[in-house]
Every structure is written in structure tokens, then in C-alpha cells.
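S.K.: quick one: sequence plus predicted model below, questions after.
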Amino acid sequence: MKAYWQLTLAQLRIFSRNRQVLFFTLLFPIILMLALGSFSGGGNVSFSLAIVDQDQSTYSKQLVTTFKENEAIEVTDSSSLEQGLESLKNADYQLVIHIPKGYEDSFQATNDDSFKVPVYFSETNLAASQVGLTVVQSTIDEISKKELEYSPLVEVETLGVRALDIQYIDFLVPGIVAMMIMSNNMNGVAGQISAWRERGILRRMQGTRLKASTFIAAQISARLLLNGFQALLVLIVANVVFDIDMRGSWLVLVGFVVLGTLAFMALGFIIAGLAKNPESAGPISAFVTFPMLFLGGVFFPINNMPEFIQPFINVLPIAHLSNALRETMNIGTPLSGLWLETTILLCWLLVSFFIASRTFKWE
């Protein structure tokens, strides 16, 4: 037990004395989170439009006021249609509404011909334009029904359901934590063990009464403390800067941090066993971690990726670790609802440690 504590403290001292390790394990994920979170923006849908009111009547001004009262619309008055269209071409607005003369008279008209209110949209930004056109159409329809006292035979009863306000930063933070766990343990273990083997440190340890289990247990404890402190630091910064809430159980979150650390440490020991020297350990680790970094749902949802590759992605440990952390933090899913993620990470842990025990070499 004494040897175990001494090795654990020695490993922590190695971390603290290496400034590069401290930077990449502690500061780099925080800098990445702040950069992506700051430029991602919020999750609210909004668009801008310009209104050319040539009717200048009570009805047309009422329509303009209705649009301005909508918080999702940024409304600007335009003096002429030509100016509004020029601004639309320059991408200053997504829509331009033209209220021609005769708009108010159309409400007193007795004929069945409908009055046209031209709405110009940008074809280069169809996503925002389609949202804006839908809002404009529903707004004008609502005003028409109110002024003409139109009563449909069947009405739609709108019932609002308050949904979770999850933005991209809420999606990103658990992915950053999963990325840290993967990188610290796969790259860190593989590089360090390979370097110690080449320098003869492992051979000298083997010559003592030190057991391999004690050595591995000390490595696990030190990295668990490092990963736990790092994850806590990221969550504190995310809460202070982006007001990220923790909706689930802290105990479940810690459990997945521990499980992810063990699974990726086992993969790191496999790479350390296969690598002949530290120079080859780095490329092997990068070959494994780089695809998982972009395919494992760290920065982008897995559902947005091509369907033919999703079965392969759903086997990756990083995909289930990031999803488990995301479900716990953003939704508050209990451990019983994360049985699939727990099972797959346990399978990776057991199989990887079995392979690592066969490939690990002291010298």
C-alpha cells in the first residue's frame, strides 16, 4: 500500500512539474470551449426584414407595429422599394415587405379578389428566408381574420409545451469533457509508458518487489484525480461564462468520468504495448483518437452524419461517453436510462484491459 501511494504522488508531481502537460490538459480544453462557445451564438431563431410602407394608412401602420412587436424580428423602415431591394441583395436583410397603396382600401372592398402584399426574400439564405416567410404569412393572415371577422368552421387550439432550452454550448461542454478524458488517457498513457520503457525505468521497477497491479493502480488513481479536477474546472468555467446548468446527478457524472478514464487508459496501455518507442506511440495514438474526435459526437451531433457510417460510430467509446455526459448534464437522465452507454463502456474496459495485459511489456 505504501508503494501504491508513493507512485500515485510521484505521478501527480510529474504532472505538476511539466508546464506543457498542465497547459494541454488544463488550459487548452477551456480555451477551446470558450472559443467555440463564444462564436456559436445562441439557439434562438431570428431574422431581419425591411418594410416599405407606401400606403401610410392606419391599417398599414398597424401591420408594421405588429411586426415590430415580435421579438424574433428585427424590423427596419425603408424609404423606397429600390433601397430595400438593394439592401436585400447586400444581405443586410432576409426579407423585404412592400405594402402598396390601396392596402387599407382592400379591407372595405366587396369583390372577392385578394390584395397582394409582395414579400421579397433572399435566395442565397433559404433557411432563414423560409422561417421569415412563414412568420410573415401567419401574421398577415391573423390580421386579415381579425379585421374581416372571419370565423373558420374548424380552429386549431395552440397549446404551448415548455421544452428544454438547450443551445450549442450545452451540447459542447460535455463533449469537451469527453475529449479531455480520451486525450489525457490514450495519448498520455501511451506516450509516458513508451518513454519510461525506452529509458529503462520500467525495467528497474520490474527488478524491485513492485507488482504490476500496484503500478497500474497508481497510474489509474493519479489520472482519475487529474481528470476529475480538470472536468470540475471546465464545468466551473462553463457555469460562470455561459451559465451552464447541471440538471442531473453529480454522482452519475463522476461515475462516467471514472468509467471513461478506465476505458481509455486501457486503450492507452494497448498502444503503449504495441509501440516500439515513444516516437511511434504518438502517431499510433493520433491515428486512433483523431477519427474518434470528429466522429464521436464531440463537436457535432451523430444524427447529422451520413447514415452509412452511423453504425460504426455507435460502437466507438467516445460516442457513448459524450452521450452519457450530455444526457446527465443537459437532461438529467438517471443511471437506469443510460444502461446502453454503461454496458458498451464496460465492454470496452474489460476487453481492452484483457488485451493490454497480453501486450504490456516492461522492457
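M.R.: Received it, and whenever you're ready, just let me know what you need. Residues are numbered from 1 along each chain as shown.
S.K.: walk me through the domains of the chain.
M.R.: 2-41+167-359, 47-147 (automatic domain parsing).
S.K.: return the set of buried residues in the longest helix anywhere in the chain.
M.R.: The residue-count maximum for a helix in the chain (DSSP state H) belongs to helix 212-242. Residues 214-216, 218-224, 226-227, 230-231, 234-235, 237-238, 242 are the ones in helix 212-242 that count as buried (16 or more other Cβ atoms under 10 Å). Glycine gets a C-beta too; all of them are placed from N, C-alpha and C.
S.K.: quick one: the helices in the stretch 1-150 of the chain?
M.R.: With DSSP state H, counting those that start in this stretch as the criterion, the stretch 1-150 of the chain has helices at 2-17, 19-22, 28-40, 58-68, 81-89, 126-147.
S.K.: any idea which of these has the lowest pLDDT on average?
M.R.: Ranked by mean pLDDT, these end with helix 19-22 at the bottom, a mean of 68.
S.K.: residues touching stretch 28-39, excluding its own?
M.R.: The contact list for stretch 28-39 (Cβ atoms under 8 Å, 6 or more residues apart in numbering) reads 168-169, 172-173, 176-177, 179-180, 230, 233-234, 237-238, 241-242, 299.
S.K.: ok, stretch 228-240 next?
M.R.: For stretch 228-240, using Cβ under 8 Å, 6+ apart, the contacting residues are 25-26, 29-30, 33-34, 37, 169, 173, 176-177, 180-181, 184, 244-246, 254, 257.
S.K.: among those, which ones are buried?
M.R.: Buried, going by 16+ other Cβ under 10 Å: 25-26, 29-30, 33, 37, 169, 173, 176-177, 180-181, 184, 244, 257, out of those.
S.K.: quick one: residue 332 and residue 250 touch, right?
M.R.: No: using Cβ atoms under 8 Å, residue 332 makes no contact with residue 250, being 11.2 Å away.
S.K.: of the two, which one has the most company?
M.R.: Neighbours of residue 332 and residue 250, each counted by other Cβ atoms under 10 Å, are more numerous for residue 332; the result is 15 against 12.
S.K.: next one: the more buried one from residue 247, what distance?
M.R.: 4 Å (Cβ to Cβ, to the nearest Å).
S.K.: residue ranges in the stretch 201-350 of the chain under the pLDDT threshold?
M.R.: Applying pLDDT under 70 to the stretch 201-350 of the chain flags the ranges 206, 210, 212-213, 304.
S.K.: quick one: the helices in it, in order.
M.R.: 201-206, 212-242, 250-274, 278-295, 310-313, 317-326, 339-359.
S.K.: for residue 247, grab phi and psi.
M.R.: phi -90, psi -20 (degrees, to the nearest 10).
S.K.: now do the same contact list for it.
M.R.: Here residue 247 is in contact with 328-332 (Cβ under 8 Å, 6+ apart).
S.K.: now residue 297
M.R.: 175, 313, 318-319, 322-323.
S.K.: farthest-apart pair in those residues, please.
M.R.: Comparing all pairs in the contacts of residue 297 by Cβ to Cβ, the longest separation belongs to 175 and 313, at 13.6 Å.
S.K.: please identify which of these two sits among more neighbours.
M.R.: Using other Cβ under 10 Å as the criterion, residue 175 and residue 313 rank with residue 175 on top: 24 against 17.
S.K.: from residue 62, how far off is that one?
M.R.: 47 Å.
S.K.: residues in contact with the residue nearest to residue 62 when sequence neighbours are not counted?
M.R.: What sits nearest to residue 62 in space, not counting adjacent residues and going by Cβ to Cβ, 6 or more residues apart in numbering, is residue 143, at 7.3 Å. If a contact means Cβ under 8 Å, 6+ apart, then residue 143 has 62-63, 66 as its contacts.
S.K.: try residue 102
M.R.: Taking Cβ under 8 Å, 6+ apart, one finds 55, 115 in contact with residue 102.
S.K.: repeat the analysis, applying 10 Å as the threshold.
M.R.: 54-55, 57, 109, 115-116 (Cβ atoms under 10 Å, 6 or more residues apart in numbering).
S.K.: ditto for residue 135
M.R.: Counting by Cβ under 10 Å, 6+ apart, residue 135 has contacts 45, 47, 49, 67, 70, 72-73, 95.
S.K.: residues near the nearest residue to residue 355 once chain neighbours are set aside, how many?
M.R.: Computed as Cβ to Cβ, 6+ apart, the closest residue to residue 355 that is not its neighbour in sequence is residue 270, at 5.4 Å. Using other Cβ under 10 Å, residue 270 has 25 neighbouring residues.
S.K.: just to revisit the earlier point, most packed of the domains of the chain?
M.R.: Ranked by mean neighbour count, the domains of the chain are led by domain 2-41+167-359 with a mean of 18 (mean count of other Cβ atoms under 10 Å).
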